[in-house]
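In: the sequence isn't on hand, but the structure is:
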């Protein structure tokens, strides 16, 4: 007899695992584009991830609130579903009948707006696409700002400067109430809920996985293009690249803008998936150092290696979270540190045994191996004759 409870647990676990993997794959690919392809040591990756999440937590809900005119009180609300919902919740807080504030009344506003989104797939998809585009734009702008020190500082000083940049936005979000609720955080509108019921998380996971797949394809195409070869030339020998006419200043700027836009999309998707956010959840350990561990583990400069490193870490962490109740009695320390301890040990072993990662970067042949072989044979035949 099939255990329905076990099947449901497995379904929930695999859905969460795939979503978690897809989000980190997006962020890690943006880091690989910077460090693996271009040699830019970005230790401020949390900056763009948090920016995307803050866009998702602050802009779409406010825009929909203005669209339905919820801030002037129930009498001015243009959508009857939202008005009825707020009337039903008004006994919890009678003052919302006269006026509302997005941060102070965040949970009530988001609950009522979600009722409209659940019944309107077109509006939900439009809000999702608009937010992702806005997150990408904000991320690209922050990447442009971060590119200025990248043009003037060496790798060690650049890494420290970008690390400080990464702490900047998180601190602002935490100590400024009007962005994403400060110390209390905010609920986020749900553009995936129109699917309905238990399939909400599955549909959200599949959409996030599709976005991750598109980004994998984009990074892979860039890697095998003339631009990718220029980035590797800048990474390996910047002076030689400049001698050959490559504008390394523009390359660094463009790489930071594009990769920051990609990471911001990942941050926005994660905020939508979770349904809420608080600024302190976007810390340097989770969104800067862990991506570095995964990229180095799998192999920087190699999309397949990044996928492998991300899959190993995310799967190990999910399994530890799933079975931590069984592991707690046999460990001499708290199980919450087990995943980081294991990954630290694995990273040390990898750096000693295979410094380039499990799957090192392979050379990219712009003409293809078969064509190069034919050219070499033709040159040899002419020289021998």
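Out: Here it is on my side, so go on. Note that the structure is predicted; figures quoted are calculated from it, not measured. Residues are numbered from 1 along each chain as shown.

In: from now on I want contacts and neighbour counts done on CA atoms only, so please keep to that.
Out: OK.

In: ok, residue 334 - how many residues close by?
Out: The number of residues packed near residue 334 is 11, by other CA atoms under 10 Å.

In: again, but for the one 4 residues further on
Out: Neighbour count of residue 338, defined by other CA under 10 Å: 19.

In: repeat for residue 62
Out: Neighbours of residue 62 under the rule other CA under 10 Å: 20.

In: helix or strand for it, which one?
Out: helix 45-68 (DSSP states H and E).

In: run through the neighbouring helices and strands of that helix.
Out: With contacts taken as 3 or more CA pairs under 8 Å, 6 or more residues apart in numbering; DSSP states H and E, helix 45-68 sits against helix 106-118, helix 121-150, helix 155-175, helix 177-180, helix 248-274, strand 276-277.

In: which of these sits most buried?
Out: The highest average neighbour count among these, using mean count of other CA atoms under 10 Å, belongs to helix 248-274 at a mean of 25.

In: centre of the chain to that one, how far?
Out: 8 Å (CA atoms, centre = their mean, to the nearest Å).

In: then stretch 371-385?
Out: Put simply, stretch 371-385 sits 47 Å off its chain's centre (CA atoms, centre = their mean).

In: pLDDT of that stretch, averaged?
Out: Per-residue pLDDT over stretch 371-385 has a mean of 75.

In: ok, and what's touching that stretch?
Out: For stretch 371-385, contacts defined as CA atoms under 8 Å, 6 or more residues apart in numbering pick out no residues.

In: the helices and strands packed on helix 45-68: which one's closest to residue 356?
Out: Nearest of those to residue 356, taken as CA to CA: helix 155-175 at 18.6 Å.

In: ok, residues contacting that closest one?
Out: Contacts to helix 155-175, defined as CA under 8 Å, 6+ apart, come from residues 40-48, 50-51, 54, 146, 149-150, 179-183, 278-280, 282-284.

In: next, the angle from the strand or helix carrying residue 83 to helix 45-68.
Out: Remark: residue 83 resides in helix 80-89, with elements defined by DSSP H and E. Interaxial angle, helix 80-89 versus helix 45-68 (axes from the mean of the first three to the mean of the last three CA atoms, to 10 degrees): 100 degrees.

In: what packs against helix 80-89?
Out: Short answer (3+ CA pairs under 8 Å, 6+ apart): helix 80-89 packs on helix 106-118.

In: so which elements touch the helix it packs on?
Out: Using 3+ CA pairs under 8 Å, 6+ apart, helix 106-118 sits against helix 45-68, helix 80-89, helix 121-150, strand 186-187.

In: at 7 Å what do you get?
Out: Counting contacts by 3 or more CA pairs under 7 Å, 6 or more residues apart in numbering; DSSP states H and E, helix 106-118 packs against helix 80-89, strand 186-187.

In: average pLDDT for it?
Out: The average pLDDT for helix 106-118 rounds to 89.

In: run through who's touching that helix.
Out: Applying CA atoms under 7 Å, 6 or more residues apart in numbering, the contact partners of helix 106-118 are 61, 81-82, 85-86, 123-124, 186-191, 193-194.

In: state the distance from the nearest residue to residue 256 once chain neighbours are set aside to residue 23.
Out: Excluding the flanking residues, the one nearest residue 256 by CA to CA, 6 or more residues apart in numbering is residue 143, at 5.0 Å. From residue 143 across to residue 23, the span is 19 Å (CA to CA, to the nearest Å).
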